[in-house]
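> Test case, fold it:
(4 chains)
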2 protein chains.
Amino acid sequence: MNAEKVLDVAMTAYWQSDPADVSVNAICQMAGISKPSLYREFGSEDGLSRAVLDRYAEQVLSEMFVVLHGGTGLRETLAALIDFASDDPRMETGCLFYKMRAGKHRLGPETRARVEEIDAAAQAAYVAFLQSCRDAGDWPVGLSVEAGAKYLGEQIALAITQRASGEDKARIREMMTLALSVFTRP
Amino acid sequence: MNAEKVLDVAMTAYWQSDPADVSVNAICQMAGISKPSLYREFGSEDGLSRAVLDRYAEQVLSEMFVVLHGGTGLRETLAALIDFASDDPRMETGCLFYKMRAGKHRLGPETRARVEEIDAAAQAAYVAFLQSCRDAGDWPVGLSVEAGAKYLGEQIALAITQRASGEDKARIREMMTLALSVFTRP
DNA sequence: GTCATAAAATACCAATCGGTAACAAAATGA
DNA sequence: TCATTTTGTTACCGATTGGTATTTTATGAC
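Modelled structure (predicted):
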């Protein structure tokens, strides 16, 4: 009867299409459970989507953060981010977090708060990464670390969102490489 | 009864929030007309949103294309695009076309087809602009005109979408300037 | 066996969605 | 003046939404 199975089903469905396009009824049907069972476990649709987002964060997003803390140089890390965003098969249908963030106003309060939390954490991770690069002597550009971090995050989000809309992978890589070249230009 | 007033009301509502979040009922209420009147005029929700998009294209998007055909140099045109995307008060709540494009799968067939048409026209305009710059000797970078056009279009879309989410205008300008600097780098 | 308890499913709720049938009022043409 | 067509409204349709009250089913304890 397994709450984890329900979370997996819901995560897959939310991820593959869009949280706003998947109803509670549909999730119950796909998971083979009844609606009251789901509501007893998660309380509300907001509770379910929040639990799904938590699961997604620890199962998927965490690996993205690992890339940032790899300790390798600026160019290598950027290359790894480009690989991840434009080639990783897990991002073939986009990123659930970015889909939720794009439709933030349609989420319940709990889920929305969690989205903002994760967004802030990601921003902080980008800042830390760029700051370490600046400390190491890489990237001496006259741009604030915060602005660079925001830029980096938005370019990643853009690339992965384009994956979701079926854009050609090589094209995405080309554009993302171009966008991130501002970090490695003299 | 005035179909234009209805279109104005619908356009404003779609534009300010999101086409997917504004129901036909709400539009009728705001326009002060009954639902059958609206359906007699536009046939369906798809017909209405398509008419709204047409109106938006000729009233708003056309001015954006004018910037591209200004005939001025590369740097001046890019600066004008940055001004438009990050400062123009009409883009304060984002761009209706980009909102429709982002939620393409939620649109009816007519509206969706029109979105794709406009998207292709925009891409063609970007291509023509960059091609003319390349012909004029500006921008000798080793990047295909098509890829550059796609990149330019996506960066504009990103900037305006960020306007819609309440991002700080100066920040948006900073990031967009950074993104488009790849066109003016030696 | 019986009986209490916890879990699950059926069947329902009000609200809203896009869309229409039926009908009243007003304009129009002969 | 009368018939017709157009314009608009009220009131409804079936489907779907998130969410529950109620009833059935399974599980132990005795």
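> nearest spatial neighbour of A:Lys35, skipping sequence neighbours?
A:Cys28 (5.1 Å; C-beta to C-beta, 6 or more residues apart in numbering or on different chains). For every residue, glycine as well, the C-beta is placed using N, CA and C.
> didn't the one you found look like it was pressed against A:Glu41?
No. If you go by C-beta atoms under 8 Å, A:Cys28 and A:Glu41 don't touch, sitting 11.1 Å apart.
> Looking at the two, which one has more neighbours?
A:Cys28 (19 against 16; other C-beta atoms under 10 Å in any protein chain shown).
> Now do the same contact list for that one.
A:34-35, A:37-38 (C-beta atoms under 8 Å, 6 or more residues apart in numbering or on different chains).
> What of A:Arg90?
A:Val60.
> does it count as helix, strand or coil?
helix (DSSP: H, G, I helix; E, B strand; the rest coil).
> so what's it scoring on pLDDT?
Note on A:Arg90: pLDDT of 96.
> Kindly report the same for A:Pro186.
pLDDT, read off for A:Pro186, is 68.
> Go through the helix or strand of chain A with the lowest mean pLDDT and flag the buried ones.
None of the helices or strands of chain A scores lower by mean pLDDT, DSSP states H and E than helix A:62-68, at a mean of 90. Buried residues in helix A:62-68, counted by 16 or more other C-beta atoms under 10 Å in any protein chain shown: A:64, A:67-68.
> List the contacts of the closest residue to A:Arg173 other than its chain neighbours.
Of all residues not flanking A:Arg173 in the chain, A:Ser86 sits nearest, at 4.0 Å (C-beta to C-beta, 6+ apart). Residues near A:Ser86 by C-beta under 8 Å, 6+ apart: A:159, A:163, A:169, A:172-173, A:176.
> swap the cut-off to 6 Å and go again
Counting by C-beta atoms under 6 Å, 6 or more residues apart in numbering or on different chains, A:Ser86 makes contact with A:159, A:169, A:172-173, A:176.
> Neighbour-wise, give me the winner out of those.
A:Ala159 (27 neighbours).
> Check whether A:Ala149 really touches A:Ala128, as I assumed.
No. Applying C-beta atoms under 6 Å, one finds A:Ala149 not in contact with A:Ala128, separated by 8.6 Å.
> From the chain's centroid, how far away is the longest helix along chain A?
Assignment by DSSP state H gives helix A:109-135 as the longest helix of chain A. Helix A:109-135 sits 11 Å away from the centroid of its parent chain (C-alpha atoms, centre = their mean, to the nearest Å).
> Now that helix: buried residues?
Quick answer for helix A:109-135 (16+ other C-beta under 10 Å): A:110-112, A:114-115, A:118-119, A:122, A:125-127, A:129-130, A:132-134.
> And the next helix or strand past it?
Note on helix A:109-135: by DSSP states H and E, the next helix or strand toward the C-terminus is helix A:145-164.
> elements contacting that following helix?
Applying 3 or more C-beta pairs under 6 Å, 6 or more residues apart in numbering or on different chains; DSSP states H and E, we find helix A:145-164 packed against helix A:74-87, helix A:96-102, helix A:109-135, helix A:169-180, helix B:169-180.
> Which of those helices sits closest to DNA strand D?
helix A:109-135 (10.8 Å; C-beta to the nearest atom of the strand).
> So is that closest one next to chain B?
No. If you take C-beta under 6 Å from any C-beta of the partner chain as the test, helix A:109-135 misses chain B, and the best it gets is 11.0 Å.
> which strands and helices sit next to that helix?
helix A:45-56, helix A:62-68, helix A:145-164.
> For stretch A:104-117, the averaged confidence score.
98.
> rewinding a little: redo the contacts of A:Cys28 as CSV? Include distance to B:Val52, secondary structure and neighbour count.
Below are those laid out as CSV (distance: C-beta to C-beta, whole Å; DSSP: H, G, I helix; E, B strand; the rest coil; neighbours: other C-beta atoms under 10 Å in any protein chain shown):
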residue, distance to B:Val52, secondary structure, neighbour count
A:Ser34, 41, coil, 11
A:Lys35, 36, helix, 12
A:Ser37, 42, helix, 14
A:Leu38, 38, helix, 22
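> that older thread, contact partners of the least confident helix or strand of chain A?
A:80, A:125, A:129.
> make it 10 Å
A:56-57, A:76-78, A:80-81, A:83-85, A:88, A:90-91, A:95, A:97, A:121-122, A:125-126, A:128-130, A:132, A:152, A:156, A:160 (C-beta atoms under 10 Å, 6 or more residues apart in numbering or on different chains).
> low-scoring stretches of chain A, by residue?
Under the criterion pLDDT under 70, the flagged ranges of chain A are A:186.
> Quick one: name the residues of it near DNA strand C.
Applying C-beta under 7 Å from any atom of the strand, one finds that chain A approaches DNA strand C through A:1, A:32-37, A:40.
> and the spatially most central residue of chain A, what is it in contact with?
Nearest to the centroid of the C-alpha atoms of chain A, with distances taken as C-alpha atoms, centre = their mean, sits A:Phe97, at 4.2 Å. Counting by C-beta under 10 Å, 6+ apart, A:Phe97 makes contact with A:15, A:53, A:56-57, A:60-61, A:64, A:114-115, A:118-119, A:122, A:157, A:160.
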